[in-house]
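Student: generate coordinates for the sequence data below:
(one chain, ligands or ions: 2)
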Amino acid sequence: MKIHEYQARNLFRKYGIPVPDGVVCHSVEEVEKNVPNDEKLRVVKAQVHVGGRGKAGGVKLAKTKAEAVEKAGQILGMDIKGLTVEKVLVADAVDIEKEFYVGLINDRNTKSITLMASAEGGVEIEEVARVSPEKIIKMSIDPVMGLMDWQAREVALQLFDDPKQMRKAAAIFVKLYQLYKETDSSLAEINPLVLTPDKQVLAIDGKMNFDDNALYRQSEILSMREATEDEQKEIAANEKGLSYIKLDGNIGCMVNGAGLAMATMDMIKLYGGEPANFLDIGGSSNPQKVVDAMNILLSDSNVKAVMINIFGGITRCDDVARGLVAALKNIETEIPIVVRLSGTNAKEGLEIIREYGLPNVSTMKEAAQKAIELSQK
Ligand code: GDP
Ligand code: MN
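Tutor: Ligands and ions are numbered 1, 2, ... in the order given. Next up is the predicted model:
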């Protein structure tokens, strides 16, 4: 689960990481109402779940309230990497002497939480990692001991010459680690962490992701969830026992089992198509699940054909076929559907499918090719 920058800033504050003040506004009127009429330098920032907002024009400085209102008007409604800006953060701006990067991730190679830091702050860290990986300092953290002060200082010493600033930064690293651990985070980034001309060390951007599987015990974090339309669909699917991830292609996939779902997506790509989603309906043959899954697939207007790929192990193909036919009778759609059934009672299942009038395919390859062909008509 992702949260917005303003929410990450609230968590930072709660853990004692210094952050400039700000207010979140959903409209120009709210900026009018909430921002004091003074000459303070402010920064108006798009709140969307993607990085690189600055480059996209979603971060703008404002010298007066009138300018803040104007910039908010430009940013609200803007499209950033496919996401519409619905709120802005209007925060006190700071003068920047130097920008740093700080991040915590679950590092699969070292199987530990890893602190990353760099003097190349402000720019996207993926870019630094690609162009000059040696400029990223990494410190693996022992899961029992946690991030110890001396380790934090060892990293901070490589970024700051001045001992006072170094200690401030090290204290921030330790607090960020506490926050990361206590909230079951999977990513916590401060980019940039800045040094101001008056030698304060402040977080002026924050990005945090959380482990979805831990949300059941993170009620405060869960209450911060602001899902996009696509994410809302994914969450709704989850509540119905389906694992659904939306993708950008035009062939909807409905599959039982995550491995088969991946193989189906690969197959579609292999023959030149693009999957519109990952969708695992799980092991049951409950017709309601099929109806739910079909509704989800067809609610995506990109979908031009649907490929259903079922392997009957415990699930019986004839049950699935009956569920499918029942579902299709309830759904009015012009979208072509291709069904491939294999395994337990596949023959009986295919008979039901054929009777209903859907294309006759037997292998995964045929199904993928047929779905692609039909999607292009
Ligand atoms: P991102 O592009 O989505 O990562 O958004 P950031 O919040 O990191 O802002 C992008 C860039 O805008 C930063 O790297 C800074 O260079 C600049 N910026 C953001 N806030 C301030 C501020 O308060 N003062 C100044 N001078 N620049 C800022
Ligand atoms: Mn940033």
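
Student: span of stretch 136-154 from start to end?
Tutor: 14 Å (C-alpha to C-alpha, to the nearest Å).

Student: got the contact list for residue 96?
Tutor: Applying C-beta atoms under 8 Å, 6 or more residues apart in numbering to residue 96 gives the contacts 192, 194-196, 204. Placement of C-beta: from N, CA and C, glycine included.

Student: same question but for residue 352, I mixed them up
Tutor: Taking C-beta under 8 Å, 6+ apart, we find residue 352 in contact with 318, 321-322, 325.

Student: before we move on, what about residue 50?
Tutor: Contacts of residue 50 by C-beta under 8 Å, 6+ apart are 80-81, 83.

Student: out of these, which are buried?
Tutor: Neighbour counting by 16 or more other C-beta atoms under 10 Å classes 80, 83 among those as buried.

Student: of the contacts of residue 50, closest to residue 270?
Tutor: Residue 270 lies nearest to residue 81 out of the contacts of residue 50, by C-beta to C-beta, at 27.8 Å.

Student: and the longest helix anywhere in the chain, what's its mean pLDDT?
Tutor: Longest helix in the chain, counting residues (DSSP state H): helix 163-182. Computed over helix 163-182, the mean pLDDT rounds to 98.

Student: among the contacts of residue 96, which one is most surrounded by other residues?
Tutor: Ranked by the number of neighbours (other C-beta atoms under 10 Å), the contacts of residue 96 place residue 204 first, at 27 neighbours.

Student: how about that one: what's its closest non-neighbour residue?
Tutor: Counting by C-beta to C-beta, 6 or more residues apart in numbering, residue 204 lies nearest to residue 194, which is 5.5 Å off, once chain neighbours are set aside.

Student: can you check residue 37 too?
Tutor: residue 65 (4.8 Å).

Student: what about that neighbour, distance to residue 91?
Tutor: Between residue 65 and residue 91 the distance is 14 Å, computed by C-beta to C-beta, to the nearest Å.

Student: same check on residue 369?
Tutor: 53 Å.

Student: what residues does the residue nearest to residue 37 make contact with?
Tutor: Residues counted as contacts of residue 65 (C-beta under 8 Å, 6+ apart) are 35-38.

Student: do the same with residue 341
Tutor: With contact set as C-beta under 8 Å, 6+ apart, residue 341 has these partners: 310, 312, 317, 320-321, 349-350, 353.

Student: hmm, try it at 7 Å
Tutor: Applying C-beta atoms under 7 Å, 6 or more residues apart in numbering to residue 341 gives the contacts 310, 312, 317, 320-321, 349-350.

Student: residue ranges with poor pLDDT in the stretch 201-350 of the chain?
Tutor: Across the stretch 201-350 of the chain, the ranges flagged by pLDDT under 70 are 284-285.

Student: what segments of it are helices?
Tutor: 219-222, 229-239, 258-270, 287-298, 317-330, 346-356 (DSSP state H, counting those that start in this stretch).

Student: which other helices and strands contact the third one?
Tutor: Right, helix 258-270. Counting contacts by 3 or more C-beta pairs under 7 Å, 6 or more residues apart in numbering; DSSP states H and E, helix 258-270 packs against strand 251-255, strand 277-280, strand 305-312, helix 364-375.

Student: so which of these comes closest to residue 182?
Tutor: With respect to residue 182, and counting by C-beta to C-beta, the nearest of these is strand 277-280 at 31.0 Å.

Student: what does the closest one rub up against?
Tutor: When contacts are defined by C-beta under 7 Å, 6+ apart, strand 277-280 is touched by residues 242-247, 252-258, 261, 265, 293, 297, 300.

Student: which of these are buried?
Tutor: Buried subset of the contacts of strand 277-280 (neighbour count, 16+ other C-beta under 10 Å): 242, 244, 246-247, 252-257, 261, 265, 293, 297, 300.

Student: okay, now the domains of this structure?
Tutor: The record's domain parsing of the chain by automatic domain parsing lists 21-92, 98-222, 229-375.

Student: run through the stretch 1-150 of the chain and note the low-pLDDT ranges.
Tutor: The stretch 1-150 of the chain contains no residues with pLDDT under 70.

Student: quick check: the residue of the protein nearest ligand 2.
Tutor: Residue nearest to ligand 2 within the chain (C-beta to the ion): residue 205, separated by 3.6 Å.

Student: sounds good, over and out.
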